[in-house]
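Asks: Got a predicted structure plus its sequence, pasted below:
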Amino acid sequence: MPASHPENHVSCDQLPPLAAEDHACDVCALVYVETRIDDAVSAIAGLPGAVREVVHAIPPEVRRVRPSPGVWSVTEYVCHLRDVYVSFTIRLHRVRTEHQPALEPMFNDLRVCRFRYNDRDLAATLDELAAAAAGFCDEVARTGEHEWDRVGTRLPGEKRTARWLVRQAMHEGVHHLGDIHRIGETLSGAAQDEGAG
């Protein structure tokens, strides 16, 4: 099964639309409007440890292998998650402190290519993911009750609240943890089949 992506894999000159404020994910069974901020933060806080556990269960020789051309490797997904929490920390800070800021797109596939995700030290990246997720949770803690309806923009007409940013950040983590697990199972099974052949 190919790995899915909340913002989809697209060419670097295209931007997919953001998930809606009331997004419901068929894969994760996650419904944004039913997700409390405290629950989202708890999930994000536990994510680095969960990712580390799943990654360590995947044989080292397949952690940099793409299961198909359009699907990232385990290492690339971990790098992406680190950058999600770095980017979302900045996004949330700007929404809290600026009037309807224009949020810089992440350009996910461009980052994978230009920053050579698949060449990165995976152990170091797992540590960086933990630091980035903790930093995001710190920024959430600084958000006052009166600030959750503040908005930022991206594409024309795309306005998303501070509350959405936290829910989307949780979704990115939960969704990609599932992707990493599925990719690991697929590649580990394929490696075992080749060894038995």
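Replies: Cool, got the structure.
Asks: Let me see the ranges of the strands in the protein.
Replies: 24-25, 30-31, 151-153, 159-161 (DSSP state E).
Asks: So for residue 167, which of these sits nearest?
Replies: Proximity to residue 167, assessed across those by CB to CB, is greatest for strand 30-31 (8.3 Å). C-beta coordinates here come from the backbone N, C-alpha and C atoms, glycine included.
Asks: so what does that closest one touch, helix or strand wise?
Replies: If you count contacts as 3 or more CB pairs under 8 Å, 6 or more residues apart in numbering; DSSP states H and E, strand 30-31 packs onto strand 24-25, helix 162-196.
Asks: For the strands of the chain, give me TSV that also has mean pLDDT and distance to residue 139.
Replies: Formatted as TSV, the strands of the chain follow (pLDDT from 0 to 100; distance: least, CB to CB, whole Å):
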stretch	mean pLDDT	distance to residue 139
strand 24-25	96	23
strand 30-31	96	21
strand 151-153	97	13
strand 159-161	97	15
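Asks: do you know which of the helices and strands packed on strand 30-31 lies nearest residue 68?
Replies: helix 162-196 (9.5 Å).
Asks: I'd like the mean pLDDT over the closest one, please.
Replies: The average of the pLDDT scores along helix 162-196 is 87.
Asks: Number the residues from 9 up from this point.
Replies: Right, with 9 as the first residue, what we last looked at is helix 170-204.
Asks: which strands and helices sit next to that helix?
Replies: Applying 3+ CB pairs under 8 Å, 6+ apart, one finds that helix 170-204 contacts strand 38-39, helix 45-64, helix 82-105, helix 130-149.
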